[in-house]
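S.K.: Model the following, please.
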Amino acid sequence: MLVRFLCACLLVVFAGSLLPAQSTDDNSYVIRNVRVFDGEIVAERQTVVISEGKVLAVGDSTIAVPKGARELAGEGRTLLPGLIDAHVHFPIFPITAASEALQQSLAFGVTTSIVMGSAPSQFVARIKGLEDADAPDVSAIVSAGTYATAPGGHPTQMGGGGFATLSSPNEADAFVAARVGEGSDFIKIIYDDVERFGRKLPTLDEATIAALATAAHARGRIAVAHIGDERTARGAIAAGVDGLAHLFEGTTVSSDFGQFAAAHGVFVIPTLSVLYAACGMPDGPGFLKEADTMKQVNPRFRSFLEMPMTSSTLRCDAAPLAIRQLVAARVPLLAGTDAPASGTTYGASLQKELEHLVNAGLTPIAALAAATSATAKAFRMTDRGRIRTGMRADLLLVDGDPTTQIRDTRNIVAIWKRGVRVQRAP
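M.R.: Numbering: from 1, shown residues only. Purely as a prediction, here's the structure:
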């Protein structure tokens, strides 16, 4: 059960072929009379020009357009920044799984994926290589590298080998220095004994978490904490982390949780998709019935959607209650999935996460910001998450208006990664 709900780093060997998401040559494009959600606000009847991998211009019909630019009709459509999944992992085996996961993410409009921790072999041997390439046919990645956890702590029980653990605050500076030396973009801290899943494991103490956060900040990195309940959430926040990688299960939440988070200036990635799966309400069975969705899902990852749910006493009432508090306190919320944990899959689950966030109390515009500008800001990505002149042309064009009907993000017309248009499966 622990394997199903807590981590996507599963020791499973799959069969399957690469998702047929190929790219055309990098050319100039113009989209006319399109509704633009720029990451924060909506503007109607805009003309957007894409050239040399960037947004060349945004404005009215009088803006200059490069000669020979390919034209797309924008009437009845909405142009969004490419989506960002703020929480994914990769299966440990086989070697090709990471690139296939990123291809599938891109096919659903997720142009950047934030890898919320990896086994050492994954990070060093494969994932950083993918990130450095930033190839046009895969979602770009930002990665925590290997986790900060206690000896024998989660997720060492999942396999992968070679975890560099730590036991005390005086080890934190060297630990963070080693992660930064490997290329970690931020530091992921585990503060969770996973006892609610039937097996209690060691976990870090708050003094060590505080030392890790201090060391990360000294090296220009943010620190994000995986937590297991409200107590550990509050402890991590008080210790100085920048954000929470999950909300928590439970029946209720303290009335001041939102204000507490706001007072400490943190962001929160609720990961409702995986929480609901843990509470016996997975999205996977629904995805399996959606023919259009499954056309884009690599057969390699179908098994995660089919993974049976065992009976659970966990309750998920606390998470939407906490979200309402966080919204009222104006705490930044980011959209993340924990894919490919049980009941989730790359890309499609982010589309569903947006629906979960709206159902929990966000407006559609706030949910879209959670998957674009808010995540870019939280992870200090200044070149994406917005539609502005000079920024990366990571873009998603959809039929309809997801700023009023969030499910319209599924009506994908076109995707661009750094100005290169992506060819989805037919």
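S.K.: Give me the pLDDT for the residue nearest to Met307 when sequence neighbours are not counted.
M.R.: Ranked by CB to CB, 6 or more residues apart in numbering and with sequence neighbours excluded, the top spatial neighbour of Met307 is Ser342, at 4.4 Å. For every residue, glycine as well, the C-beta is placed using N, CA and C. You'll see Ser342 listed with a pLDDT of 88.
S.K.: Please apply the same query to Leu6.
M.R.: Leu6 is assigned a pLDDT of 41 by the prediction.
S.K.: any idea where the strands of the stretch 51-200 of the chain begin and end?
M.R.: 54-59, 70-73, 77-81, 83-88, 110-115, 140-143, 187-191 (DSSP state E, counting those that start in this stretch).
S.K.: Who are the packing partners of the fourth one?
M.R.: For strand 83-88, the elements it packs on are helix 97-107, strand 110-115, helix 373-378, judged by 3 or more CB pairs under 8 Å, 6 or more residues apart in numbering; DSSP states H and E.
S.K.: give me that answer again for 10 Å
M.R.: The contact analysis (3 or more CB pairs under 10 Å, 6 or more residues apart in numbering; DSSP states H and E) places strand 83-88 against helix 97-107, strand 110-115, strand 140-143, strand 223-227, helix 348-359, helix 364-370, helix 373-378.
S.K.: Report the distance from that strand to the chain centre.
M.R.: 1 Å (CA atoms, centre = their mean, to the nearest Å).
S.K.: and if you look at the first one?
M.R.: Mean C-alpha position of strand 54-59 versus that of the full chain (CA atoms, centre = their mean) differs by 26 Å.
S.K.: who does that strand touch, helix- and strand-wise?
M.R.: strand 29-37, strand 42-51, strand 77-81.
S.K.: repeat that with 6 Å
M.R.: strand 42-51 (3 or more CB pairs under 6 Å, 6 or more residues apart in numbering; DSSP states H and E).
S.K.: Ile323 is in contact with Ala360, correct?
M.R.: Yes. Using CB atoms under 6 Å, Ala360 is in contact with Ile323, at 4.3 Å.
S.K.: So between the two, which is more surrounded?
M.R.: Ile323 (24 against 20; other CB atoms under 10 Å).
S.K.: what mean pLDDT does the host helix or strand of the more buried one have?
M.R.: Ile323 is part of helix 318-328, with elements assigned from DSSP states H and E. Here helix 318-328 scores 97 as its mean pLDDT.
S.K.: from here on, count from 43
M.R.: New numbering, starting at 43: the last item is helix 360-370.
S.K.: which other helices and strands contact it?
M.R.: Helix 360-370 packs on helix 299-305, going by 3+ CB pairs under 6 Å, 6+ apart.
S.K.: ok now the helix it packs on, how far from the chain's centre?
M.R.: Remark: helix 299-305 is offset 22 Å from the chain centroid, using CA atoms, centre = their mean.
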